[in-house]
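K.L.:
Any chance you can model this:
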Amino acid sequence: MTEHLTKETFLEKIFDFEKNTEWKYAGKLPAVIDFWAEWCGPCRMVGPVIEELSKEYEGKVNFYKVDTEAEQELSAAFGIRSIPSLLFIPAEGQPKMAMGALPKAELKKIIEQELNVPNPIIL
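P.N.:
Prediction:
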C-alpha cells in the first residue's frame, strides 16, 4: 500500500532537508515517491500502477505519494515542475527523478536497476 506523505512525515521518514544540505535517506528500504495532483490525467493513470507495484514489492520497496497541490513547499524543495514525477530512492546512494507517466514495465526496470531490487516472482 502506498502512504501519503505530508511535509512533516517526509522530513521524518525520507529526508530532513531543513536540517541537512547533503542527502541522507532516513528509511531502511528503498523507496519510490509519486509526486501527483488530483486534476492531473497522467497522474491518475500512474496511480493504479503504483498501487500494483506497492503490492508486488511489499516488504522490499516503500511506495509514497505526495500531493503537489497540498504539499507545495515539499514539491518546490525537489524542483517539481511537471507531474507525474517519480523519485526513486535507493537504500544507499543518491535518488534519481523520472518524469512522465511511465508504463509499468519501465517502472519495474528502474526499480531493478536504480534501487537494486530484483523483480518479484508472482505465482
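
K.L.:
switch to C-alpha atoms for all contacts and neighbour counts from now on
P.N.:
Fine.

K.L.:
Centre-most residue in this structure?
P.N.:
Ile33 (1.3 Å; C-alpha atoms, centre = their mean).

K.L.:
Can you list the low-confidence ranges for this protein?
P.N.:
By pLDDT under 70, the weakly predicted segments of the chain are 121-123.

K.L.:
And the strands in it?
P.N.:
3-4, 31-36, 62-67, 85-89, 96-99 (DSSP state E).

K.L.:
Dump those to a markdown table, plus distance to Pro42.
P.N.:
What follows is the strands of the chain, written out as a markdown table (distance: least, C-alpha to C-alpha, whole Å):
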| stretch | distance to Pro42 |
| --- | --- |
| strand 3-4 | 18 |
| strand 31-36 | 9 |
| strand 62-67 | 14 |
| strand 85-89 | 10 |
| strand 96-99 | 11 |
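
K.L.:
how much space is there between the closest residue to Phe10 other than its chain neighbours and Ser82?
P.N.:
In space, and not counting its chain neighbours, Phe10 is closest to Asp16: 7.4 Å by C-alpha to C-alpha, 6 or more residues apart in numbering. Asp16 is 23 Å from Ser82, where distance means C-alpha to C-alpha, to the nearest Å.
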